[in-house]
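K.L.:
pasting the structure only:
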């Protein structure tokens, strides 16, 4: 098995364009015509994509080179079995695309000591993406340099006639802009620091000191309902996943289990064999809410409305939020191997990142030079992606951001 | 109020005009004509119009009447009057009379109805309620209201009439109605048993009878000679339309009789039952051997309301040059066909080739289907050029084909494939071409079934049950070929392609019975264990006997020509074997299970609440169609346990906000410049490239029913 790529692009040719020379690795959940697209699941075993995803089409048109697709966890849920970051580390790609369901692109970046960015929800087309949680997921971007992230975002973001879920909003400007630190307030969320390990806490404090040192106004802010983000994500996420995974029926694609006496058995057997235990327990959890406690799903959506409202109020007071990304553990983002088969273990890892998926805000994770496998998360209001990148670039330029 | 004076609503006639009457029943419908109130009052006997007029009724009666609503239960007193000319209602049997109310008592009020009960419009042309438009589960949930509908009540009344006919007839013929136990012993029969745990004998179970088969034979050994019972039977079978977990069968058995006695008896009984539904059946019923039925219709329950009998043309092609037929015949196969008389204009070449030959016949298991149209004194088809003139001429002769006829043929190395596929084609074509005359009933006895079927392991198994008498007793129980050639003394009564019942003459000789068990490969010990108590009875002088069981729900449904058997059962289960009215089947309290000592059944110590969890896992696995392996169960249980806690927390924390399903506004989005068209991927067939199984332009899937 190729340790870096699930599928290596044999074709070096690229189109002429502004991103010529940029090498992009992606996950096998983005359709590239003719490439295997198994999304880490037996449910899509042997699937060859019939056409390009919108992201892929735009990247190709810009002249970027697709290096290949990396190994990934089943449908991108969590980081177990994920080879994310390996292509960057090995110098085989300049940018990696990683599906961000609850913070995967950011935690993987923290683990690989590179930058990881989850754009605003609704900014990047999901046409041709094998997703799992439609109202929260977004294709994340990882790169050693913020410039790499910007270079890809500029190409792939924006309306897409093929993705009907994209809102009709003006696309923000991602061009570099000047930052005046004196006019920027950084909010530090107190509740997000409660369960940090010692290393993580020190690294985070040092990063905040660095920002203050760079001239930003730093303010403590409070989100009393912080623990409810996980509750909402777990309920809404699992319900949407259970619904989205309904399409893996062994009729149109995938592998069909043999020996089914009838249609229902065909589903039961094929789907039973297709999904791994972690995903299965997530889908069963979603089925529980859907079929046995539908009220819980609606309750979670009510809480989601309240959390989004609270976040909006908070973002009126500060320009950007700063939070740690990794809860604890020496190997942080890579600790996925330890995750259990039940969703609990996965959710515990992503406790500090999943809120941005609930609210749809852009979230950037910068690597820390002080301690490996920690990272500083910067989060802005929806559609402030360009500004967030500019601010982080300023921090890196002054040598203080998260370092 | 003295209900003893009560007069049935539906029985009022013009002779009653002038009489003071007391009526009681339900408000079927009402119409208010500015103070003058017309009410359709309904009881079991029918409907009569009662009129509340301020000129006749005291004012408090008028006030009470104004508050009436559908299905209030009321009693009224008043005088019978001839309706004015021109105001008669021809849809009511009592349509020329009405009752002028002077007293009105509301016996009980009714809530708003979940569906309309009334079936009789008050004015001409007004729509009346049609039960078919109401969801069946809703009808079953409020079955007591559904039964108030006259058509449903009629079904039950006619069912009663048919049952009474059975009882009276069999009583006249000397049959005794004897009940057999419902709590009985699990016996190895076709379907799964419903089990009932015993409290007195912990961890032991009764089984509900799948049929009273063993008991009725014991009654014969007991010297009852003639027995019958309208018996409730239970089978825990997979869901199928027109099946019920519990059903009623007419079970009868007689001693010192032969097949002819039963044919005569059951034919006369069937004629009487169908007469209740004003259906005349001609006697004697035709008989067909199993072999003939398979040979000519491809089914052991042939629908004889139309022709389309098979013609065997295997020998016509004995020396054919047509390679496909030649190869099939070399492999010992056969070729059968049928003639669709004069159907050529309705079966185009396109329909025959692209629908029937390419799609429908293969879906019935045939590898292909050959069709020919009789034209200009010859035969036309896409393959006639492969046949000799003699073959084509002989075909026309065999099928008695005239111009305008269509011949279809199925050829296969397997006789079963040919008859099964052609039999299904026969039914399919008969339905499609409307060849089945409405309102006709064609009973037939099917006889001489094979006694044994071959098993995959090279042995034999009983095709009916092991107590069925063979046609001869001098067989060698070790000679499989001889065993498979044995015929049974069993018979099925089939009407319009539906098996209404069946039975057999039983074995009463110990030695013959022993030979049958030997043929089945059962050791003495096996036999004792499985049928011990029953066989012991045969050691005490068993008389020759035989009998039959008729599915009464199915029979009544056929006589009343209802859309399903649920229409002739007062409180049926729905299609998922549940009762929407009572909620059965339901969970039981743990205390009940504990009392029955069922908590630790199978030696598994279940923790409190685990049983419900397991149940959940099974249910969630089913609704999400995801199989769960035994090794995954504990993870799933933990997940569901956590999910319960999450649901409770969400309920506690949720406020009155409007639920937010997406962080961006959800809107209908028009994408200008995109036209509705068939996707290129579909057009080029690339869409099918990833499918695990396809057929032509379609995805191939498993059958919807077994």
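P.N.:
Happy to help now that I have it. It should be emphasised that the depicted structure is a prediction, and the values quoted were computed from it without experimental measurement.

K.L.:
residue B:615: neighbour count?
P.N.:
Around residue B:615 there are 11 other residues, counting by other C-beta atoms under 10 Å in any protein chain shown. Glycine gets a C-beta too; all of them are placed from N, C-alpha and C.

K.L.:
from chain A, how far off is it?
P.N.:
11 Å (C-beta to the nearest C-beta, to the nearest Å).

K.L.:
would you mark the buried spots in stretch B:201-211?
P.N.:
B:205-211 (16 or more other C-beta atoms under 10 Å in any protein chain shown).

K.L.:
what do you get for stretch B:692-706?
P.N.:
Within stretch B:692-706, the residues that count as buried by 16+ other C-beta under 10 Å are B:692, B:694, B:699, B:701-702.

K.L.:
now those residues in CSV, with distance to residue B:315 and secondary structure?
P.N.:
CSV is the format used below for these (distance: C-beta to C-beta, whole Å; DSSP: H, G, I helix; E, B strand; the rest coil):
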residue, distance to residue B:315, secondary structure
B:692, 43, coil
B:694, 39, strand
B:699, 41, strand
B:701, 40, coil
B:702, 39, coil
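
K.L.:
what's the most distant pair in those residues?
P.N.:
Greatest spatial distance in those: B:694 and B:702, 13.8 Å, computed using C-beta to C-beta.

K.L.:
all helices for chain A, in order.
P.N.:
Remark: helices assigned in chain A by DSSP state H are A:54-61, A:86-89, A:104-112, A:146-156, A:198-213, A:228-244, A:263-274, A:277-287, A:294-317, A:343-349, A:355-359, A:385-397.

K.L.:
next: the stretch 1-150 of chain B.
P.N.:
Per DSSP state H, counting those that start in this stretch, the stretch 1-150 of chain B carries helices over the ranges B:59-66, B:136-141, B:143-148, B:150-172.

K.L.:
distance between stretch B:396-404 and the chain's centre?
P.N.:
38 Å (C-alpha atoms, centre = their mean, to the nearest Å).

K.L.:
next: stretch B:410-417.
P.N.:
30 Å.

K.L.:
what about the helices of chain A, which gets the closest to chain B?
P.N.:
helix A:263-274 (2.2 Å; C-beta to the nearest C-beta).

K.L.:
output the helices of the stretch 1-150 of chain B in JSON lines, with distance to residue A:157, mean neighbour count and mean pLDDT appended to each entry.
P.N.:
Formatted as JSON lines, the entries for the helices of the stretch 1-150 of chain B read as follows, by distance: least, C-beta to C-beta, whole Å; neighbours: other C-beta atoms under 10 Å in any protein chain shown; pLDDT from 0 to 100:
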{"stretch": "helix B:59-66", "distance to residue A:157": "69", "mean neighbour count": "16", "mean pLDDT": "94"}
{"stretch": "helix B:136-141", "distance to residue A:157": "50", "mean neighbour count": "18", "mean pLDDT": "92"}
{"stretch": "helix B:143-148", "distance to residue A:157": "60", "mean neighbour count": "18", "mean pLDDT": "96"}
{"stretch": "helix B:150-172", "distance to residue A:157": "64", "mean neighbour count": "16", "mean pLDDT": "97"}
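
K.L.:
next up, the contacts around residue A:83.
P.N.:
Contact analysis of residue A:83 by C-beta atoms under 8 Å, 6 or more residues apart in numbering or on different chains lists A:3-4, A:6, A:70-72.

K.L.:
just confirm residue B:410 is within a helix.
P.N.:
No - using DSSP: H, G, I helix; E, B strand; the rest coil, the assignment for residue B:410 is strand, not a helix.

K.L.:
right, and it touches residue B:335 too?
P.N.:
Yes - counting by C-beta atoms under 8 Å, residue B:335 is a contact partner of residue B:410 at 7.3 Å.

K.L.:
and these two? which has more neighbours close in?
P.N.:
Just comparing residue B:410 and residue B:335: by other C-beta under 10 Å the higher neighbour count belongs to residue B:410, 27 against 22.

K.L.:
once you drop chain neighbours, what's closest to residue B:137?
P.N.:
Using C-beta to C-beta, 6 or more residues apart in numbering or on different chains and skipping the chain neighbours, the partner closest in space to residue B:137 is residue B:580 (4.8 Å).

K.L.:
contact partners for the one you found?
P.N.:
With C-beta under 8 Å, 6+ apart, residue B:580 has these contacts: B:137-138, B:140-141, B:574.

K.L.:
closest point of chain B to chain A, which residue?
P.N.:
Taking C-beta to the nearest C-beta as the measure, the point where chain B comes nearest chain A is residue B:627, at 2.2 Å.

K.L.:
give the helix, strand or coil label for that residue.
P.N.:
Secondary structure assignment for residue B:627 (three-state DSSP): coil.

K.L.:
and it, how many residues sit next to it?
P.N.:
Residue B:627: 19 surrounding residues under other C-beta under 10 Å.

K.L.:
what residue in chain A is the furthest from its centre?
P.N.:
Ranking residues of chain A by C-alpha distance from their mean position (C-alpha atoms, centre = their mean) puts residue A:261 at the top, at 40.5 Å.

K.L.:
can I assume it is in contact with residue B:702?
P.N.:
Yes - using C-beta under 8 Å, residue A:261 makes contact with residue B:702 at a distance of 7.3 Å.

K.L.:
so the longest strand along chain B versus helix B:150-172, what angle?
P.N.:
Assignment by DSSP state E gives strand B:20-33 as the longest strand of chain B. Angle, strand B:20-33 to helix B:150-172, by axes from the mean of the first three to the mean of the last three C-alpha atoms, to 10 degrees: 150 degrees.

K.L.:
any idea of the mean pLDDT in strand B:20-33?
P.N.:
Across strand B:20-33, the average pLDDT comes to 95.

K.L.:
flag every buried residue along it.
P.N.:
In strand B:20-33, counting by 16+ other C-beta under 10 Å, buried: B:21-30.

K.L.:
in stretch A:202-220, which residues are buried?
P.N.:
Quick answer for stretch A:202-220 (16+ other C-beta under 10 Å): A:203-204, A:206-208, A:210-211, A:214, A:216, A:218.

K.L.:
right, I mislabeled it, should have said stretch B:340-347
P.N.:
By neighbour count with 16+ other C-beta under 10 Å, stretch B:340-347 contains the buried residues B:340-341, B:343-344, B:347.
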